[in-house]
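Q: Kindly generate the corresponding structure for this input.
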Amino acid sequence: MTGDVVRAHRGTSAEEMMRWLVEYDISGLPVVDGDDKVLGVVSATDLEPVRRRIASNAAPDAGVLMSAPARTVRADDSVVRAARLMSASGVERLPVVDEEARLVGMVTRRDVLQIFARPDSAIRDEVMDEIVVRALWLSPQSVEVSVHDGLVTIAGNLESSGQVAVAIRMVRQVDGVTAVVSRLTCRREAPYQRPV
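A: Sure thing, here's the model as predicted:
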C-alpha cells in the first residue's frame, strides 16, 4: 500500500487531476470529502474523453467524473481479498480505508502483483525462519516445507492440535502464499475448553 496518497475533492478540476497523473506518475486517484472519507475514484480512463473539452472550459470536475461508490479495502484486509476485489470489479487500484472509512492509502494492481510474484524460495525461507523456528520454537528438521507457485505444503508431527492450527494460520498470512496444504499431525489433541 502507498500511504502518501494524492487525492481529489468533488470540486477538483479535470485539468488539475490530469496534471497530477503525469506529475506523480499515477493512473488514478481517490475523491474524498472534508473528513477524508472516500467518495469515489477517478482514473486516467475517466479523464481521457475530457481532454478535448478542456480547451473550451467545459470540462467536468471530480464529482462528476468519479466512479462511485468507491470499492475500498480496509487496512487489515488480506492482499488476497484486495486482489479478488480488483479482479471482480475490473479496477486497477483500491483506496485503503480505516474503520471510519477514512482514506489511509492506496493499493494498486502493481502492489498486489509484486507480492504474488515473490519467489517460492523466499516464501519457504520465511516460513522456516519466522514461523517454524522463531514463532513455534521447532527444530527445522521436525517440519518439512515445500512451496510451488505460492502453494505451501507443510508436513510434520507437532505437539498439539492447537499448535497445528496456529502454524497453518501463520503460514496463510505470509506474503506471496496463495494457499496452504497441511499434512501436519499432532501427538495430542488440545484440551477442550468450555465456553465462558
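Q: Mind pulling the model confidence for residue 93?
A: Residue 93 is assigned 89 on the pLDDT scale.
Q: Next one: it from residue 128, what distance?
A: For residue 93, the distance to residue 128 equals 34 Å [C-beta to C-beta, to the nearest Å]. C-betas here are computed from N, CA, C, even on glycine.
Q: do the same with residue 169
A: In this structure, residue 169 lies at 17 Å from residue 128, with C-beta to C-beta as the measure.
Q: Between those two, which is the more surrounded one?
A: Set residue 169 next to residue 128 and count neighbours by other C-beta atoms under 10 Å: residue 128 wins out with 17 against 11.
Q: OK, contacts around that one?
A: 140, 143, 145 (C-beta atoms under 8 Å, 6 or more residues apart in numbering).
Q: quick one: secondary structure of it?
A: helix (DSSP: H, G, I helix; E, B strand; the rest coil).
Q: Spatially central, which residue of this protein would that be?
A: If you average the C-alpha coordinates of the chain and look for the closest C-alpha using C-alpha atoms, centre = their mean, you land on residue 79, 3.1 Å from that point.
Q: If I look at the residue lying closest to that one once chain neighbours are set aside, what pLDDT would I see?
A: Spatial nearest neighbour of residue 79, excluding adjacent residues (C-beta to C-beta, 6 or more residues apart in numbering): residue 115 at 5.3 Å. Here the pLDDT value assigned to residue 115 is 72.
Q: right, and residue 115 touches residue 173 too?
A: No: applying C-beta atoms under 8 Å, one finds residue 115 not in contact with residue 173, separated by 11.9 Å.
Q: Comparing the two, which residue is more hemmed in?
A: Counted by other C-beta under 10 Å, residue 115 and residue 173 do not tie: residue 115 has more neighbours, with 17 against 11.
Q: mind checking which helix or strand the more buried one is in?
A: Per DSSP states H and E, residue 115 falls inside helix 109-116.
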